[in-house]
Each structure stands twice: as structure tokens, then as C-alpha cells.
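>>> Here is a sequence together with a model predicted from it:
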Amino acid sequence: MFLPVGHDQSSVRRLPWVTFTLMGLCLVVFLLTLGPVNNTNERAAQLLSETAEYFFAHPNLELDPEIEEYLFGFIPEYQGQREAFKEVLKEGARGFGLVADEEDQGPEETEAEQQAKLDGLIAQFHETLKSSPYFTLGLVPADQNAYAYVTHQFMHGGWMHLIFNLLFLYLAGPYIEDVWGRPLFAAFYLSAGIFAALIYVLKYPMMEGPMVGASGAIAGLMGAFLIRYGRTKIKFVFFFFMTPKFFDAPAWLMLPLWLLREVFYGQAVDFGGGEGSGVAHWAHVAGFVFGLVVAAGVKQLKFEEKYVDTALEAQAVQHQNLDLEEALEARQAGEMEKAEQILLSQLKVNPGDFDAAMAYWDVRRDVGDVSPAVPFVLRVFRDALRKGERDLVAPRWPEMIEMAPRGSIDPALAARVAETLGDDLGDGVLRATVEAGAAGVTATTAAGILARLTRAGAAVGASSARDLAEHALASMDLPDETRAEIEELLAGPLASVEPATGRPAPSHDVVSTPEAAQGEPRDDAGEAPHTLAPEEHRLEIMEGVPTVWEDGVLTLSIDGQSRPMNLSQVQAIAVGGIVEPGRAPFVIVDLMLDAPWSKRVKLRIVRVRSTAFDPAVIAEGPDPMSCFKQLLVEMFEVSEAAPLPDPDAAVGKPFSRFSTVPEYEVEVFGLTS
């Protein structure tokens, strides 16, 4: 037996109160009914024993068919075997003197009176049995109560029945509740249980035993889990010679196998001629199928995106605004420590909150030490520039440059600020920006970033520009055209600039890594930003097939050879959907080593087509398209390349559509191939 004990879907956005409430109700109902069930069972067992003794003492009496099943159900009726067995018991009882011969029974009781006494014992047994909570709250197909379609879901037949159901509910419930929302989840859970019970009743309409347990509803959760989290790895345990062994397997494999097992056992029970068994297999099958259908409908209607995600975002914004107001009030009251604690808590949950980051900066500035706030502010500045929100950064950047500790400014961000905000900041702030970026240079800073800072520094006469140029030329990664440009700057504008002192000269003979290059939109071969006329550009395209995406490095198969690609070299990523008449649509992803605003005539591009690989192999997601979009998001996060044609379309919100590839190239790049 394989028992699930966990899975890799380990986080939810809020506490699953509905799931916890359902689990609590199952436990409470079980505990409250445990005593009455035990008492009823003891009384029923006693009455059954008395009935059996009386019948064996008077075997000539007629026995109720249901009682006969209790007493002799283990003996088949085939070819009179059950009747033969009853005769053997009767003769054996007489042989031991336990039953009197008919002539010795005396006139005290007539056979009718004896039958009435036996019938009375049987009636008491039935009355006692039906007073059990299993019958009053459980669902009896032959004697239905409407409320039992709900109440039976909270009744359980014993500790093991309860524990296993709660385990499955705990493993699946919180994650469906999280993505569907509490109202839909609660309605779905109860509906799955009702539907499963209804199918079971239709399957066995004459069954007089009660059906209890949450298994039908939980089977519905399992069906929904398969649709929503099919790629999730489930951890199982089994025992091999009393030794626990663990293994992982995907939900898309194990859950259908479980369903097939239930179908097999259900058919086996039916083939044996019985009406049901100790396990409601067909209720499990019905609940599972119900979950599959509902989850598929929720997915098709995009219910999560339209309602749940929107509501959660609204709640988060409202909560964050209240926290921010409280922090601002604390700062105005001089309670800096309180304000800092509130803002840090908010930034821990959402480190990309621009307002919270800037409020934290203001608090730390009032305290006299901004260094703890610098990482948060740099992050939100980087995000704002990536989204094109220059007006958020420009007013606060001069203060950042003036107060941030030396070496704390990311060179890639400094280069991007110089390129995108140059006209807004003025030469003095630009010089300080280049100097701050140069102070943050390390041995692993990408050559492209050094070249960009060199250009910006040369334009405003920054003292560190010469050092930056020399370090860029020392890099093995510098493209030939960019190298020629930097050498030209050293021989021209930078010839009269004295090298900066007091800063260690990092070595750049180390191949740069994505982590080292916080890849802003790069221009390794030209001034930023500068766009040539379309006829001056040509595309130099290499087709690649992604095979591995790990630790920020994308490995591609190009011309049959495996090549790891450092995304710090990517200056822009262009994405477009191609919908050609009569052909299957696909998505193009162009990893641009040279951005459209560079001076290079030939723009080097590695092109990836969505139809050339399976995104589910290298990225996580419930379906291939979700995996593809997740891969795009992660590549942008690592590379921080410029998104084309815009930030939303570049990650499929939604993809921009083009009728042909040439149309895509003209519209997105303003280029011709």
C-alpha cells in the first residue's frame, strides 16, 4: 500500500480556513457520536446474541431474512448449503441436550407465541440499530433523508477511516481553496460529496446499510487537484519488511492510477453479486469525475484570474495601504522604531512595494543611516525602470546617489539610469551616477555593463570612465565592435582623463555569470539609446532549442551542439505570437544580443520557437502554456533585459499577434531581415 504523506506544492497565500473547518467538523462529529455509536453497537450485539440463542433453541421458527444474513451470511445459498448447515446446527444442539425434542417442549408456549417472541427480539434489534448515529446521520439508499446527503460527509466508521480521510483532505484541500477562493471551494466540496452519494444511491437503490464518510467529497478534491496541480510531485511511503521507504511521483500519474483501482474494485464487487461493500468505490469514482469536470470548467472560464486573484490583490493593496498609513503616522510622531518594524514587515511580504520602500528610506534617512534601506530602494527602482516608469525614479535618484554607502549601487542599475534618465538628471548627477556604479564594480561584473558605464562616463567627463574602459578591454567577453569603440573613446575623449585612484582594479578574466550581471537592457556596441533607421539594420538569427534552464543559465541546442547561454549578454527579449492562416499558431522568443537601439548594423539574435520544445520539461506550471510563460518571467527576472514590444505582451498578458514572421520583425523591431 502506497500512502501519500506530502507533495512539493508547499505554500498558500492565506490560511485555508474552510479546509480546517471541514477537518474540525469531521473530528468533532466523530467524537460526539463515538459514545452513542458504541452504546448502540453493544446493545444491538446483545440483542442479536439473544435472538440467535432463541432461534437455535427453536429452529422450527421463521427467521427474518436480514437477521439470517447476520447469522449465516458467510454460508452461500448455492444448492441448499445454508439450509443444510442450519440443520447440522439444529441436530448438534439436540445431541448435546441444548434443544428439547418436540414432544418434550410442553404446552407452555405455542409455536405462534414462540414466533412472536422471536419477532419481538428482531424488532428490538432493528429499532436499536436504526437509532445509531450511522443510520440517523448516514445515508441509507433504501430509506433516504435529504439532509443525509450532507450529514453523511461528516460521519466516519472508525479512527482509521477518519484519519485517512483527514490526511487526504489536508493534502489537497488547502491548495484548491487557495486558488479557487473560499466560497467556491466550500460549495464545490459539499457538491462533490452530494454528487458522489447520489450516484451511489442510484447504483444501489435497495441497499439498507448506511453510507458514511467524506471520501466522495475528498475524491472530488483529488480530481480537481489533478487538473490544477497535475505536475506536482507527491511523496509516498510504503513499508518493505517493516522498513519505511519513500518515493516521489507526479500527480498526473498516481491520481489516475488510484481512479483505475477504484473502478476495478467497484466492478469486482458488482461481479460478485453484492450490493456495495465496506467501501463505496463507485462514490469515489463519481466524486473524482465530478472534480475533473468542475476543475476543467473553472480553468476554461479563467475563474481564478478574473475573480480570485483580483480579489486577493485588492485585499493585499488595502492591507498594505493601512500598514503604510500606520507607519507614516508613527514616523510623524517620532516613533521611528515602530515605523521601521511595520515597513520591514510589509517589505518582507512584498519587497517590490515602491511606496513602502521609499517610506523605509525616509525613516532610515531620519535616523541617519540609509544603508539598510538601499537594497529595497534599488530593487523598486530597477522594477520601475523596467516598466518604463521613469517619473518614479528621477526625483529620488539624486538623493540615493548622495546618501547611499560607497559600493552599494549596482553597476547595471547605474548604467541603466544613465541611459534612460540622462536628460532628466543633468551632467553633475550623471557623473555621480557613473562614479557610484564604478564603485560597485567587482571581478565578475559583465563586460557589457562596463562598456555602458564607460560611454556614459565619457559623455560627462566622469573621472572613473578611463578605469572602466581599461577594465572593459581586459575582459575576454567584450565583442570586437564594442572593443573598437572603447579603444576609440580611450584615444579620444578619455585621453585627457586621469585614472581614478583609491579603488581596486578588478580583474575581468573571469567569465561573467547571470548573478553577477544584473542584466539591464544592454547596449554593448553603441550609445544608449540610439535607434537606426530600419533599412540600416539587419537581423543575424540563430535558431536555438532550449534543453535546460537552471541557475539562471539557459542551455540551448544550436546546430546540433549544446551551448549554455549567459543571459547577462541579452540586451532585449522580444516575444510575439504568430497566427498564420492554415497553420498551427506558435510563439517566437528572440534573445537579442544587440538591442534595436545599438549602432550595430547586424543585430545578433538567438530565436526560440514554442513549437520546437516542451516547456514543461524545463519550467514549472500546471500546463505547457503556463510553463512557457513562467520561463519567460524567469528569464526577464534573471537578465533584466528590455521587454519587447511591451512588458505585458512579452510575458503573454496577452501575446501580441502577427500574421507572419516578417510582419512581427517589422512591427516589433522596426527592422527587416
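Received, thanks.
>>> which intervals of the protein have sub-threshold pLDDT?
10-11, 13, 73-82, 85-108, 273-277, 309-323, 477, 497-537, 597-600, 670-673 (pLDDT under 70).
>>> Output the longest helix belonging to it.
Ranked by residue count and defined by DSSP state H, the top helix of the chain is helix 17-57.
>>> For that helix, which helices and strands make contact with it?
Helices and strands touching helix 17-57, by 3 or more C-beta pairs under 8 Å, 6 or more residues apart in numbering; DSSP states H and E, are helix 65-72, helix 81-95, helix 111-130, helix 133-137, helix 159-180, helix 182-203. C-beta: built from backbone N, CA, C; applies to glycine.
>>> TSV for those helices, including mean neighbour count and distance to Met565?
What follows is these, written out as TSV (neighbours: other C-beta atoms under 10 Å; distance: least, C-beta to C-beta, whole Å):
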stretch	mean neighbour count	distance to Met565
helix 65-72	15	73
helix 81-95	13	77
helix 111-130	16	72
helix 133-137	20	63
helix 159-180	19	33
helix 182-203	20	42
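>>> Compare these and give me the one nearest Asp353.
helix 159-180 (21.6 Å; C-beta to C-beta).
>>> Quick one: residues in contact with that closest one.
Here helix 159-180 makes contact (C-beta atoms under 8 Å, 6 or more residues apart in numbering) with 4, 6-7, 9, 12-14, 16, 18-19, 22-23, 26-27, 30, 156, 185, 188-189, 213-215, 218, 221-222, 224-225, 228-229, 234, 298, 303-304, 308.
>>> all strands for this structure, in order.
Here the chain has its strands, by DSSP state E, at 3-7, 233-240, 243-250, 538-543, 545-550, 553-558, 561-566, 572-578, 586-592, 602-609, 642-644, 657-658.
>>> For Ala286, which of those is the nearest?
strand 3-7 (21.1 Å).
>>> who does the closest one pair up with?
strand 233-240 (antiparallel) (DSSP bridges).
>>> How far off centre is the partner strand?
Relative to the mean C-alpha coordinate of its chain, strand 233-240 is positioned 21 Å out (C-alpha atoms, centre = their mean, to the nearest Å).
>>> Dump the C-alpha coordinates for it into PDB.
These are the backbone C-alpha positions of strand 233-240, laid out as PDB (Å, rounded to 0.1, in the frame of the first residue of the first chain):
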ATOM      1  CA  LYS A 233       5.300  15.700  -7.200                       C
ATOM      2  CA  ILE A 234       3.600  13.700  -4.500                       C
ATOM      3  CA  LYS A 235       5.700  12.000  -1.800                       C
ATOM      4  CA  PHE A 236       4.600   8.400  -0.900                       C
ATOM      5  CA  VAL A 237       5.600   6.000   1.800                       C
ATOM      6  CA  PHE A 238       5.400   2.200   1.800                       C
ATOM      7  CA  PHE A 239       6.800  -0.500   4.100                       C
ATOM      8  CA  PHE A 240       9.200  -3.100   3.000                       C
END
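>>> can you list the residues that contact it?
By C-beta under 8 Å, 6+ apart, the residues outside strand 233-240 that reach it are 1-8, 171, 244-251, 254.
>>> Check stretch 182-191 too.
Residues outside stretch 182-191 that contact it (C-beta under 8 Å, 6+ apart): 17-19, 22, 150, 153, 173, 176-177, 180, 217, 220-221, 224, 290-291, 294, 298, 303, 308.
>>> filter those residues to the buried ones?
By neighbour count, with 16 or more other C-beta atoms under 10 Å, these hold 18-19, 22, 153, 173, 176-177, 180, 217, 220-221, 224, 290-291, 294, 298, 303, 308 as buried.
>>> Starting from Gly552, give me the distance back to the nearest residue to Ile176 once chain neighbours are set aside.
Nearest residue to Ile176, sequence neighbours excluded (C-beta to C-beta, 6 or more residues apart in numbering): Ala224, at 5.3 Å. As judged by C-beta to C-beta, to the nearest Å, Ala224 and Gly552 stand 34 Å apart.
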